[in-house]
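Peer 1: prediction below, plus the sequence it came from.
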Protein chains: 2
Amino acid sequence: MMLVSRNEAWAFMSKMLLDHFRSKVDFVNASVSENLLESVTAKVKENRFRKTAFEPAAETYLRGRFWKKSGFSEITGLTAGLRAVKQGEEVSILRRSCNIAAHAFRIIKPRIKPGRTELSVARELEDVMQSMGAKGPSFNLIVGFGPDSALPHHESSQRPLKKNETVLLDFGCVYNGYCSDLTRTYFMGKPDEEFKKIYSLVEAAQEAGVKKVRAGVCAREVDKICRDHIAQAGYGQYFIHGTGHGVGLEIHEAPTLNTKSVEVLKAGMAVTVEPGIYLYGKFGVRIEDSVLVKNNGCEILTK
Amino acid sequence: MMLVSRNEAWAFMSKMLLDHFRSKVDFVNASVSENLLESVTAKVKENRFRKTAFEPAAETYLRGRFWKKSGFSEITGLTAGLRAVKQGEEVSILRRSCNIAAHAFRIIKPRIKPGRTELSVARELEDVMQSMGAKGPSFNLIVGFGPDSALPHHESSQRPLKKNETVLLDFGCVYNGYCSDLTRTYFMGKPDEEFKKIYSLVEAAQEAGVKKVRAGVCAREVDKICRDHIAQAGYGQYFIHGTGHGVGLEIHEAPTLNTKSVEVLKAGMAVTVEPGIYLYGKFGVRIEDSVLVKNNGCEILTK
């Protein structure tokens, strides 16, 4: 539990974590606490801080209630806002994280052959990314073959790949604390007309979305251009999720890119653009890149 | 988001999850909702339910506040209590999960040799457990060599094992949804007197803890017997965490076994017993088993 003032920061933790924390973080006053919440309010009193606040969207019910009772205000986006815009070293670390993941796909793709299971491919992706310096996967990697590709949150299974079916890989790694996220879909064998049509449609929607990303554009606009593109072709009902999300220390962070988003993109934000079309029981196509928002457009990080 | 009554249950979710959910769960009324919270309160009104409650310890601040405003009561342990006692099939699945992990250690141990990195051992443990049917690891596996073994929450690193140092493995798998958890510590090479002394002490404390586990005993008593054992030998200040926790669908669930626990153990609960001694900068020893509480004692699941 941390209390941060303009000039100083305090971290309160269990005895178990103290030595470990101190060995990694040397710019915070770290101490052991039996009751984290009481330690924070005691420190507030001791320093006579007049205004204190917490982030309501990042707090549990019981802790939030305690802060309210202790006179803390709620400030939405207090920490999310600090994190959304990547600065200095963060950008190059994130770029490397995305680079590792994108490169891993190029290594893995020729090894994905009929007979391989989804889980074995997920595992090998992890191994390859780790061999390039990643700490581990940035989430439970999604490898979906055939009808499994139509489930946006599919859990990779022991299902083996057959000839002539869709391969969808949604993956990323954690490198130096920063998460990457990308999705590649392709067809193992000779794609039929339906796959080609759906793929081209998602590809065009994704390219239009990426082109739309720049500082000053509302996040909702990026969603809209992808959604309109797919809807105009008559597949609107099969694009069943938002277009993207911020990415950084967490795999999902601010801002959100969907039909309701009000955030305006700023230079330095890193977001995903990932439209998809899901034909339940048949196959799905999602194409996703992580991009860095710039004043005059964006940089595709997962190239 | 789920609403559960005596006779029926409703699940509200985004469009993205509906087909997937229905393919896995067929005994719940599943529907798409744009606003999960409002859907729940609308369903409550529609059914004229007079009493509604939520679990405060499992809720976010913003959602909990909404339930309160909507007239829901708080009931602590509402869901945790249901989960703590394992019933029917749950027991055999959990037993298998623990069995896989315990067996993986026996396979892995002879392969751990000087030069191997912590991460490569963690990875191989995962592979071996997966080859036995596990879905994946039940948490970020902790492999700590030498001084790293003294950090209870160590993150496995690229550190290679040297001759004559401590090896600590804290690991487990998810099998059919259920988590296992165990820790093994040993010495690579010829252990010195200090390691032997600390190891014997933790081993005796852990055995005393396991012996204490039975239905009707307060969780705090299990912690106390382990803690007293270590304290009496003068190492009390180096046992820097609680003695254990429940294990099941989540790696940490009810009950908790520490100095403050008030829960009374019941037959069918599954808990860990895991005392440790941590000499920061030198080495640490933790020994952990997952056990099933029975009326006349307990069954060690991670044998």
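Peer 2: Arrived safely, thanks for sending. Residues are numbered from 1 along each chain as shown, chains lettered A, B, ... in the order given.

Peer 1: now do the same end-to-end measure for stretch A:232-239.
Peer 2: Terminal residues of stretch A:232-239 are spaced 12 Å apart (CA to CA, to the nearest Å).

Peer 1: what residues does the stretch 151-300 of chain A put near chain B?
Peer 2: Residues of the stretch 151-300 of chain A lying close to chain B by CB under 8 Å from any CB of the partner chain are A:151-155, A:240-241, A:278, A:280. All C-beta atoms are positioned from the backbone trio N, CA, C, and that covers glycine.

Peer 1: nearest to residue B:118, of those?
Peer 2: Nearest to residue B:118 among these, counting by CB to CB, is residue A:155 at 27.1 Å.

Peer 1: next, count neighbours for that closest one.
Peer 2: Taking other CB atoms under 10 Å in any protein chain shown as the criterion, the count of residues near residue A:155 is 18.

Peer 1: which residues touch it?
Peer 2: The neighbourhood of residue A:155, defined by CB atoms under 8 Å, 6 or more residues apart in numbering or on different chains, consists of A:140, A:142, B:135.

Peer 1: what about it, which helix or strand?
Peer 2: Secondary structure here is read from DSSP states H and E; on that basis residue A:155 sits in neither a helix nor a strand.

Peer 1: is stretch A:93-107 positioned near chain B?
Peer 2: No: judged by CB under 8 Å from any CB, stretch A:93-107 stays clear of chain B, getting no closer than 15.3 Å.

Peer 1: how far is that stretch from where the chain is centred?
Peer 2: Relative to the chain's own centre, stretch A:93-107 is displaced by 14 Å; criterion: CA atoms, centre = their mean, to the nearest Å.

Peer 1: most surrounded residue in the residues of the stretch 151-300 of chain A next to chain B?
Peer 2: Within these, residue A:278 tops the neighbour count with 26 neighbours, counted by other CB under 10 Å.

Peer 1: can you tell me the closest non-neighbouring residue to it?
Peer 2: Across the structure, with CB to CB, 6 or more residues apart in numbering or on different chains as the measure, the residue nearest residue A:278 apart from its sequence neighbours is residue A:284 (3.9 Å).

Peer 1: burial count for residue A:3?
Peer 2: 20.

Peer 1: what's the host helix or strand of it packed up against?
Peer 2: Under DSSP H and E, the secondary-structure element containing residue A:3 is strand A:2-4. Judged by 3 or more CB pairs under 8 Å, 6 or more residues apart in numbering or on different chains; DSSP states H and E, the packing partners of strand A:2-4 are strand A:9-13, helix A:36-47.

Peer 1: and the shortest one, which strands flank it?
Peer 2: Pointing back at strand A:9-13 there. Its sheet considered, strand A:9-13 pairs with strand A:2-4 (antiparallel), strand A:29-32 (parallel) by DSSP bridges.

Peer 1: in it, which residues are buried?
Peer 2: Within strand A:9-13, the residues scored as buried using 16 or more other CB atoms under 10 Å in any protein chain shown are A:10-13.

Peer 1: farthest-separated two in those residues?
Peer 2: Those two in these that are separated most widely, counting by CB to CB, are A:10 and A:13, at 10.4 Å.

Peer 1: what do the two both touch?
Peer 2: Each of A:30-31 lies in contact with both residue A:10 and residue A:13 under the rule CB under 8 Å, 6+ apart.

Peer 1: hmm, whichever strand or helix holds residue A:23 touching chain B?
Peer 2: Under the criterion DSSP H and E, the helix or strand holding residue A:23 is helix A:15-24. Yes: contact of helix A:15-24 with chain B (CB under 8 Å from any CB) involves A:15-17, A:19-20.

Peer 1: same list (those) but as TSV, adding neighbour count and pLDDT.
Peer 2: Written out in TSV, the entries for the residues of helix A:15-24 next to chain B read as follows (neighbours: other CB atoms under 10 Å in any protein chain shown; pLDDT from 0 to 100):
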residue	neighbour count	pLDDT
A:15	16	93
A:16	18	91
A:17	17	93
A:19	16	91
A:20	19	89
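
Peer 1: which among those gets closest to residue A:32?
Peer 2: Distance from residue A:32 was checked for each of those by CB to CB. The minimum falls on residue A:15, at 4.9 Å.

Peer 1: ok, which stretches of the stretch 51-200 of chain A are helices?
Peer 2: Secondary structure of the stretch 51-200 of chain A (DSSP state H, counting those that start in this stretch): helices located at A:61-69, A:80-84, A:89-108, A:118-131, A:193-212.

Peer 1: could you dump these to TSV with distance to residue A:293, mean neighbour count and mean pLDDT?
Peer 2: Output for the helices of the stretch 51-200 of chain A, formatted as TSV (distance: least, CB to CB, whole Å; neighbours: other CB atoms under 10 Å in any protein chain shown; pLDDT from 0 to 100):
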stretch	distance to residue A:293	mean neighbour count	mean pLDDT
helix A:61-69	31	18	97
helix A:80-84	10	16	87
helix A:89-108	11	19	98
helix A:118-131	25	20	94
helix A:193-212	11	18	98
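
Peer 1: and stretch A:193-211, how far out from the chain's middle?
Peer 2: With CA atoms, centre = their mean, you get 21 Å for stretch A:193-211.

Peer 1: CA atoms only for it, dumped as PDB, please.
Peer 2: Once side chains and other backbone atoms are set aside, the C-alpha atoms of stretch A:193-211 remain, and they are given as PDB (Å, rounded to 0.1, in the frame of the first residue of the first chain):
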ATOM      1  CA  GLU A 193     -13.600 -17.700 -50.600                       C
ATOM      2  CA  GLU A 194     -15.400 -17.000 -47.300                       C
ATOM      3  CA  PHE A 195     -12.100 -16.800 -45.400                       C
ATOM      4  CA  LYS A 196     -10.500 -14.600 -48.000                       C
ATOM      5  CA  LYS A 197     -13.500 -12.200 -47.900                       C
ATOM      6  CA  ILE A 198     -13.700 -12.000 -44.100                       C
ATOM      7  CA  TYR A 199      -9.900 -11.700 -43.800                       C
ATOM      8  CA  SER A 200      -9.700  -8.800 -46.400                       C
ATOM      9  CA  LEU A 201     -12.600  -7.100 -44.600                       C
ATOM     10  CA  VAL A 202     -10.900  -7.200 -41.200                       C
ATOM     11  CA  GLU A 203      -7.600  -6.300 -42.700                       C
ATOM     12  CA  ALA A 204      -9.000  -3.200 -44.300                       C
ATOM     13  CA  ALA A 205     -10.900  -2.200 -41.100                       C
ATOM     14  CA  GLN A 206      -7.800  -2.600 -39.100                       C
ATOM     15  CA  GLU A 207      -5.700  -0.600 -41.500                       C
ATOM     16  CA  ALA A 208      -8.300   2.200 -41.500                       C
ATOM     17  CA  GLY A 209      -8.300   2.100 -37.700                       C
ATOM     18  CA  VAL A 210      -4.500   2.400 -37.500                       C
ATOM     19  CA  LYS A 211      -4.600   5.200 -40.000                       C
END
